[in-house]
Every structure is written in structure tokens, then in C-alpha cells.
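Participant: Sequence and computational prediction follow.
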Amino acid sequence: MSDVGFDFFEDDETAHAAELTQRTLIDTQERMGMMLDFMPMGLLIHTRQGIIFANQEACRQLHITPRQAIGHHFLDFVDPDDVPAVMDQINRSFSGDDTMQTRETRLNHKDGELYIKLISCRLPWQGNPVVQILLQDVTDLKRTEQKLRRMAITDELTGAYNRRHAFYEAALYVDPEEGRPVELSAILLDVDHFKRVNDTFGHQVGDQTLVAVSKAGARLVGKECSNDSAMFARIGGEEFLVLLPG
């Protein structure tokens, strides 16, 4: 009788331990799900057919609810110009490439452009291939970079391209690193008797004159030239340069 009682007690302990383990596993899964849902980076779990999981940050970036995300393909949200490159990255991840695939891309967004850093890799799951896609919002960083670039290549007063950038671009056409030089026309112009404007009306009016000339020049170059590389630049006080490649 004592042996039977001991076996019953042992079985009860084993069952209790198994139940406790099962509860712990379920609790861990729930906590992991919450962690993934609240992580500050967007997360998509993606099959070849479409999204099967999207956390809150990913839904914010894509402007959809978790329910709406299911079944959509990530490419549905990518700027059309970026679709081929993003598709190539995701396909490389599905192909079994173990390396992290990374690039910057733009998303379609009703509030304007949203720039993201896209990181993808295949998950080691059994069955159909599954890819993890991480979305890091870099919009503020990208806008800062664009602002700094504009400041580096444009004239502070007029907004026209500055001397340094104009000469840099001209050198690329005159002495290219690869291939033959491109045909290039250049126009130098200045405002006659500009000093008289400053002396008569003051430097503020002089500045307004330079701004007006720059706007008119840039508008004319943009209107008359089919080549996007055509450039109107301020290279001195009242001196301007027009570059016309091709």
C-alpha cells in the first residue's frame, strides 16, 4: 500500500511540474509576443504570399491596423520607384542568403514621404520560407541630410547653386573619370552696373535684385532645357554661370 501511495504522489508531482512548465511556456510566448508588438522598430513576418504578422510600429509606418496588414505584400506600401530594388532584396532573403540584407527606401504615405531603413533576413523555420523584415524610421535623419546637402551646394542668399558645386559639376563633364568628355556649353553673365543699385537703393534692394535674377534664371533654364543636368549657379557677387551639358 505504501508503494502505491508513493507512486501516486510521484505521478502527481510530475503532472504538476509538467503543467507548470506548460504554463511557463505559454506565459513566455505571450510575453515575447508583447515584446515584439511594443518594440520601437517595425517588424513584419512575411511569407512569399504576404504578411502574417505586423507589430504596432510597423502598422504605424504602413498606416494600417494589424488585421489589415495580414495578407498584404510589403511591396504594396513601397514607393513605385523603389519597388524593383526592394523586391530584389526580399527575394535574396527568401533564397536562403544568411546575410542581413539592408537598404534605405521610401514608403507611400498620405502625410508625405516616409524614409525607412529596411533590414531583412530569412528565419530558420521549418516549412514554407519565412522572412523577417525590420523597418526603422529614418525620416528625420534623411531630412536633416537633405537639408545639410542643400546648404552645402546652394547659395545662402539666392538659393541658386553655389560656385563650389557648379565648378565640381563642370569638372565632371570636362574631365570625367570614365569614358569620353560630354559636350558642354557654358554661359557667364553678370548684372551691369549692379553697384549703382546698392548705392542708390541700399543693399537690401540689391539682395532682392540678386534673388529675382536667380529665380528668373533657374526658371528659364528649367523651362528651356530638357536635360535635368542643366544648372544655374551664382559664382560671385553679381556673377552667374549656366551649365548646359549635352
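Facilitator: Cool, the structure landed. Numbers count the residues shown, from 1 in each chain.
Participant: contacts, neighbours, all on C-alpha from now
Facilitator: Will do.
Participant: next SSE after the lowest-mean-pLDDT helix or strand in the chain?
Facilitator: Ranked by mean pLDDT, DSSP states H and E, the helix or strand of the chain with the weakest confidence is helix 2-38, at a mean of 59. Sequence-wise, the next helix or strand downstream of helix 2-38 (DSSP states H and E) is strand 42-46.
Participant: Just list what that following strand packs against, helices and strands only.
Facilitator: Packed against strand 42-46 by the contact rule (3 or more C-alpha pairs under 8 Å, 6 or more residues apart in numbering; DSSP states H and E) you find strand 51-54, helix 56-62, strand 131-137.
Participant: Just the buried positions in stretch 52-68, please.
Facilitator: Residues of stretch 52-68 classed as buried under the neighbour-count rule (16 or more other C-alpha atoms under 10 Å) are 52-59, 61-63, 66.
Participant: want to throw these into JSON lines with pLDDT?
Facilitator: Supplementary listing: those in JSON lines, determined by pLDDT from 0 to 100:
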{"residue": "52", "pLDDT": "88"}
{"residue": "53", "pLDDT": "88"}
{"residue": "54", "pLDDT": "90"}
{"residue": "55", "pLDDT": "91"}
{"residue": "56", "pLDDT": "90"}
{"residue": "57", "pLDDT": "92"}
{"residue": "58", "pLDDT": "92"}
{"residue": "59", "pLDDT": "91"}
{"residue": "61", "pLDDT": "91"}
{"residue": "62", "pLDDT": "91"}
{"residue": "63", "pLDDT": "89"}
{"residue": "66", "pLDDT": "86"}
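Participant: now, which of the residues you listed sits nearest residue 165?
Facilitator: residue 61 (35.4 Å; C-alpha to C-alpha).
Participant: give me every residue that touches that closest one.
Facilitator: Contacts here follow C-alpha atoms under 8 Å, 6 or more residues apart in numbering; on that basis residue 61 touches 42, 114, 137.
Participant: any idea which of these is least confident?
Facilitator: Ranked by pLDDT, these bottom out at residue 114 (88).
Participant: Tell me which residues touch the residue nearest in space to the middle of the chain, please.
Facilitator: Residue closest to the average C-alpha location in the chain (C-alpha atoms, centre = their mean): residue 115, at 3.2 Å. By C-alpha under 8 Å, 6+ apart, the contact list for residue 115 reads 104-107, 137-139, 142.
Participant: Weed out the non-buried ones from those residues.
Facilitator: 104-107, 137-138.
Participant: Please read off the pLDDT at the closest residue to residue 190 other than its chain neighbours from the model.
Facilitator: Excluding the flanking residues, the one nearest residue 190 by C-alpha to C-alpha, 6 or more residues apart in numbering is residue 239, at 4.3 Å. Residue 239 carries a pLDDT value of 95.
Participant: Let me know whether residue 239 touches residue 193 as I believe.
Facilitator: No - with contacts counted by C-alpha atoms under 8 Å, residue 239 stays clear of residue 193, the gap being 11.8 Å.
Participant: Just list whatever residues bridge to residue 185.
Facilitator: residue 244 (DSSP bridges).
Participant: Low-confidence regions, this structure specifically.
Facilitator: 1-34, 97-98, 109-112, 176-179, 226-227 (pLDDT under 70).
Participant: For residue 191, give me its contacts.
Facilitator: Counted by C-alpha under 8 Å, 6+ apart, residue 191 has contacts 238-239.
Participant: picking that back up, how close does the residue nearest to the centre of the chain sit to residue 131?
Facilitator: As judged by C-alpha to C-alpha, to the nearest Å, residue 115 and residue 131 stand 21 Å apart.
Participant: Likewise for residue 202?
Facilitator: Taking C-alpha to C-alpha, one finds residue 202 at 65 Å from residue 131.
Participant: Thanks a lot, see you next time.
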